[in-house]
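Peer 1: Sequence plus predicted model, see below.
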Amino acid sequence: MTGVDHAGQAARLKESVPVRVSDCLDVCDHANVVVVQPSAAARAAGARPVWLGLVNDPDATEDVIAWVRAGGPGVAPCPEILAFHTIPAPSSRASGKG
């Protein structure tokens with residue numbers, strides 16, 4: 001997406017929370033996409049990754065950081081503001097669920 005400081009966003013995330021950067025997640029129409037992974041314990045308890053789309057401004061990036069620091073999926077509820085950014089994962093789109 002033009003006008004978005006992708007490198008700055010990635011750097012801010014990397015200095016704050018564990019991050020893996022990927023070139024493509026097959027949801028380009030929702031760029032920038034951030035996938036928030038649950039902790040191992042939360043995943044064992046049934047939590048699943050949450051896909052967020054259109055995370056294109058510094059405030060949204062800070063909201064993601066705050067949620068991850070609070071525990072993320074399965075530990076802390078998804079902040080209401082980030083709920084507006086949730087998108088289906090590509091696999092659920094392909095299966096007709098999204």
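Peer 2: Received, thanks.
Peer 1: CA atoms for contacts and neighbours, from now on please.
Peer 2: Fine.
Peer 1: Tell me which stretches of this protein form helices.
Peer 2: Ranges of helices within the chain are 6-16, 40-44, 58-70, 80-83, 90-94, based on DSSP state H.
Peer 1: Please work out which of these is packed deepest.
Peer 2: helix 58-70 (a mean of 16; mean count of other CA atoms under 10 Å).
Peer 1: same for that one, what does it pack against?
Peer 2: Secondary-structure packing of helix 58-70 (3 or more CA pairs under 8 Å, 6 or more residues apart in numbering; DSSP states H and E): helix 6-16, helix 80-83.
Peer 1: Could you rerun that using 6 Å?
Peer 2: Here helix 58-70 touches no other helix or strand, going by 3 or more CA pairs under 6 Å, 6 or more residues apart in numbering; DSSP states H and E.
Peer 1: ok, residue 11 - contacts?
Peer 2: Contacts for residue 11 were tallied using CA atoms under 6 Å, 6 or more residues apart in numbering; there are none.
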